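Trainee: Just the structure for this:
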Amino acid sequence: LGFTAEEWRGDNTLWVKQLHPQDRERVLAIVDRWHLSAEPFSVEYRYLARDGRVVWVHDKGTVSRDADGTPLLFLGVLTDISERKQAESEVRSLARFPDEDPGPVLRLAHDGTVMYANEPAHSLLASYATGVEQAAPAAWRDLLAEVIASGTAREMEIERAGRTYSLLFR
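Mentor: Here you go, the predicted structure:
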(Lines give C-alpha, C1' and ligand atoms only; values in the text may rest on other atoms or scores of the structure.)
Protein backbone atom coordinates (compact mmCIF):
# COMPACT_ATOMS: atom_id res chain seq x y z
CA LEU A 1 0.00 0.00 0.00
CA GLY A 2 1.16 3.55 -0.65
CA PHE A 3 -0.44 6.82 0.44
CA THR A 4 0.62 10.42 0.16
CA ALA A 5 0.89 12.30 3.41
CA GLU A 6 -2.34 14.13 2.61
CA GLU A 7 -4.48 11.11 1.81
CA TRP A 8 -3.41 8.36 4.22
CA ARG A 9 -5.53 9.49 7.16
CA GLY A 10 -8.75 10.61 5.49
CA ASP A 11 -11.92 8.76 6.46
CA ASN A 12 -12.53 8.03 2.78
CA THR A 13 -9.25 6.19 2.36
CA LEU A 14 -9.95 2.53 1.64
CA TRP A 15 -7.37 1.44 4.23
CA VAL A 16 -9.07 3.48 6.98
CA LYS A 17 -12.53 2.29 5.92
CA GLN A 18 -11.42 -1.33 6.11
CA LEU A 19 -9.88 -1.15 9.58
CA HIS A 20 -11.96 -3.23 11.98
CA PRO A 21 -14.12 -0.80 14.02
CA GLN A 22 -12.77 -2.21 17.31
CA ASP A 23 -9.16 -1.70 16.16
CA ARG A 24 -9.52 1.57 14.21
CA GLU A 25 -8.85 4.04 17.03
CA ARG A 26 -5.85 2.07 18.37
CA VAL A 27 -4.26 1.59 14.95
CA LEU A 28 -4.79 5.19 13.86
CA ALA A 29 -3.24 6.44 17.12
CA ILE A 30 -0.20 4.22 16.53
CA VAL A 31 0.11 5.38 12.93
CA ASP A 32 -0.31 9.04 13.99
CA ARG A 33 2.66 8.64 16.37
CA TRP A 34 4.62 6.69 13.80
CA HIS A 35 4.34 9.19 10.97
CA LEU A 36 5.94 11.84 13.21
CA SER A 37 8.95 9.65 13.95
CA ALA A 38 11.65 8.16 11.78
CA GLU A 39 10.97 4.67 13.10
CA PRO A 40 9.53 1.84 10.97
CA PHE A 41 5.90 0.97 11.60
CA SER A 42 4.82 -2.51 12.75
CA VAL A 43 1.40 -3.44 14.17
CA GLU A 44 -1.12 -6.29 14.09
CA TYR A 45 -4.82 -5.64 13.71
CA ARG A 46 -8.05 -6.84 12.13
CA TYR A 47 -8.92 -5.73 8.64
CA LEU A 48 -12.26 -6.04 6.85
CA ALA A 49 -11.76 -7.80 3.54
CA ARG A 50 -13.86 -6.69 0.59
CA ASP A 51 -15.86 -9.93 0.81
CA GLY A 52 -16.80 -9.13 4.44
CA ARG A 53 -14.39 -11.52 6.16
CA VAL A 54 -12.37 -10.33 9.13
CA VAL A 55 -8.68 -10.85 8.40
CA TRP A 56 -5.84 -10.44 10.88
CA VAL A 57 -2.90 -8.59 9.32
CA HIS A 58 0.62 -7.66 10.26
CA ASP A 59 1.23 -4.20 8.86
CA LYS A 60 4.82 -3.06 8.38
CA GLY A 61 5.58 0.34 6.96
CA THR A 62 7.97 3.16 6.50
CA VAL A 63 7.71 6.79 5.51
CA SER A 64 9.51 8.60 2.72
CA ARG A 65 10.43 12.17 3.67
CA ASP A 66 11.78 15.19 1.86
CA ALA A 67 15.03 16.91 2.84
CA ASP A 68 13.19 18.88 5.55
CA GLY A 69 11.75 15.69 7.08
CA THR A 70 8.21 16.31 5.85
CA PRO A 71 6.39 13.05 5.16
CA LEU A 72 5.86 12.55 1.43
CA LEU A 73 4.77 8.96 1.04
CA PHE A 74 3.75 6.21 3.43
CA LEU A 75 4.63 2.71 2.23
CA GLY A 76 3.39 -0.43 3.91
CA VAL A 77 2.91 -4.14 3.44
CA LEU A 78 -0.04 -6.02 4.90
CA THR A 79 0.55 -9.72 5.55
CA ASP A 80 -2.40 -11.99 6.30
CA ILE A 81 -1.70 -13.61 9.69
CA SER A 82 -5.21 -14.99 10.22
CA GLU A 83 -4.04 -18.62 10.36
CA ARG A 84 -1.38 -17.78 12.95
CA LYS A 85 -3.93 -15.87 15.07
CA GLN A 86 -6.34 -18.83 14.86
CA ALA A 87 -3.58 -21.22 15.93
CA GLU A 88 -2.64 -18.92 18.85
CA SER A 89 -6.28 -18.83 19.94
CA GLU A 90 -6.49 -22.63 19.83
CA VAL A 91 -3.28 -22.96 21.85
CA ARG A 92 -4.63 -20.56 24.50
CA SER A 93 -7.87 -22.56 24.63
CA LEU A 94 -6.04 -25.88 24.96
CA ALA A 95 -3.74 -24.42 27.61
CA ARG A 96 -6.79 -23.63 29.75
CA PHE A 97 -8.12 -27.20 29.49
CA PRO A 98 -6.26 -28.74 32.45
CA ASP A 99 -7.35 -25.96 34.80
CA GLU A 100 -10.97 -26.19 33.61
CA ASP A 101 -11.20 -29.99 33.80
CA PRO A 102 -13.33 -31.07 36.80
CA GLY A 103 -11.23 -34.22 37.21
CA PRO A 104 -7.63 -34.46 38.35
CA VAL A 105 -5.02 -33.63 35.71
CA LEU A 106 -1.38 -34.26 36.56
CA ARG A 107 1.95 -34.00 34.79
CA LEU A 108 4.92 -35.99 36.01
CA ALA A 109 8.58 -35.55 35.13
CA HIS A 110 10.52 -38.59 33.95
CA ASP A 111 11.86 -39.06 37.47
CA GLY A 112 8.31 -39.16 38.90
CA THR A 113 8.25 -35.64 40.33
CA VAL A 114 4.82 -34.01 40.14
CA MET A 115 5.32 -31.01 37.84
CA TYR A 116 1.69 -29.88 37.53
CA ALA A 117 -1.59 -30.60 39.25
CA ASN A 118 -4.89 -28.85 38.58
CA GLU A 119 -7.11 -27.95 41.55
CA PRO A 120 -9.06 -31.27 41.65
CA ALA A 121 -5.75 -33.18 41.71
CA HIS A 122 -4.54 -31.49 44.89
CA SER A 123 -6.83 -33.52 47.17
CA LEU A 124 -5.79 -36.74 45.42
CA LEU A 125 -2.12 -35.91 45.95
CA ALA A 126 -2.79 -34.87 49.56
CA SER A 127 -4.29 -38.31 50.22
CA TYR A 128 -0.82 -39.68 49.38
CA ALA A 129 0.90 -36.97 51.47
CA THR A 130 2.56 -35.46 48.40
CA GLY A 131 2.09 -32.48 46.10
CA VAL A 132 3.51 -30.43 43.27
CA GLU A 133 7.33 -30.46 43.10
CA GLN A 134 7.36 -33.60 45.23
CA ALA A 135 7.68 -37.27 44.32
CA ALA A 136 4.54 -39.00 43.06
CA PRO A 137 3.46 -42.15 44.92
CA ALA A 138 5.88 -45.09 44.45
CA ALA A 139 3.40 -47.18 42.41
CA TRP A 140 2.95 -44.28 39.99
CA ARG A 141 6.72 -43.81 39.63
CA ASP A 142 7.17 -47.54 38.97
CA LEU A 143 4.50 -47.57 36.26
CA LEU A 144 5.93 -44.37 34.76
CA ALA A 145 9.37 -46.01 34.53
CA GLU A 146 7.82 -48.99 32.69
CA VAL A 147 6.03 -46.67 30.26
CA ILE A 148 9.20 -44.72 29.55
CA ALA A 149 11.21 -47.93 29.02
CA SER A 150 8.62 -49.58 26.75
CA GLY A 151 7.22 -46.52 24.99
CA THR A 152 3.74 -47.97 25.52
CA ALA A 153 0.98 -46.12 27.36
CA ARG A 154 -0.48 -47.82 30.42
CA GLU A 155 -3.49 -47.24 32.60
CA MET A 156 -3.87 -47.68 36.35
CA GLU A 157 -7.03 -47.59 38.45
CA ILE A 158 -6.83 -46.47 42.04
CA GLU A 159 -9.38 -45.94 44.81
CA ARG A 160 -9.02 -43.02 47.18
CA ALA A 161 -11.54 -41.55 49.59
CA GLY A 162 -14.39 -43.59 48.11
CA ARG A 163 -13.64 -42.53 44.53
CA THR A 164 -12.17 -44.53 41.67
CA TYR A 165 -9.59 -42.80 39.47
CA SER A 166 -8.22 -44.00 36.17
CA LEU A 167 -4.69 -42.76 35.57
CA LEU A 168 -3.21 -42.81 32.07
CA PHE A 169 0.56 -42.84 31.78
CA ARG A 170 2.06 -42.07 28.39
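
Trainee: switch to C-alpha atoms for all contacts and neighbour counts from now on
Mentor: Fine.

Trainee: I'd like to know how many residues surround residue 80.
Mentor: Residues lying near residue 80 (other CA atoms under 10 Å) number 16.

Trainee: sorry, that was for residue 97
Mentor: Here the number of neighbours of residue 97 (other CA under 10 Å) works out to 13.

Trainee: The one 3 residues further on too?
Mentor: Here the neighbour count serves as a burial measure; for residue 100 (other CA under 10 Å) it reads 13.

Trainee: Tell me the first helix or strand C-terminal of the longest strand anywhere in the chain.
Mentor: What stands out as the longest strand in the chain, according to DSSP state E, is strand 54-65. Moving toward the C-terminus from strand 54-65, the next helix or strand (DSSP states H and E) is strand 71-80.

Trainee: Any buried residues in that next one, and which?
Mentor: 71, 73, 74, 76, 78, 80 (16 or more other CA atoms under 10 Å).

Trainee: Please apply the same query to stretch 141-152.
Mentor: Neighbour-count burial for stretch 141-152 flags 141, 143, 144, 145, 146, 147 (criterion: 16+ other CA under 10 Å).

Trainee: which one of those is nearest residue 98?
Mentor: Nearest to residue 98 among those: residue 144, at 20.0 Å, using CA to CA.

Trainee: isn't the closest one right up against residue 110?
Mentor: Yes. If you go by CA atoms under 8 Å, residue 144 and residue 110 touch, sitting 7.4 Å apart.
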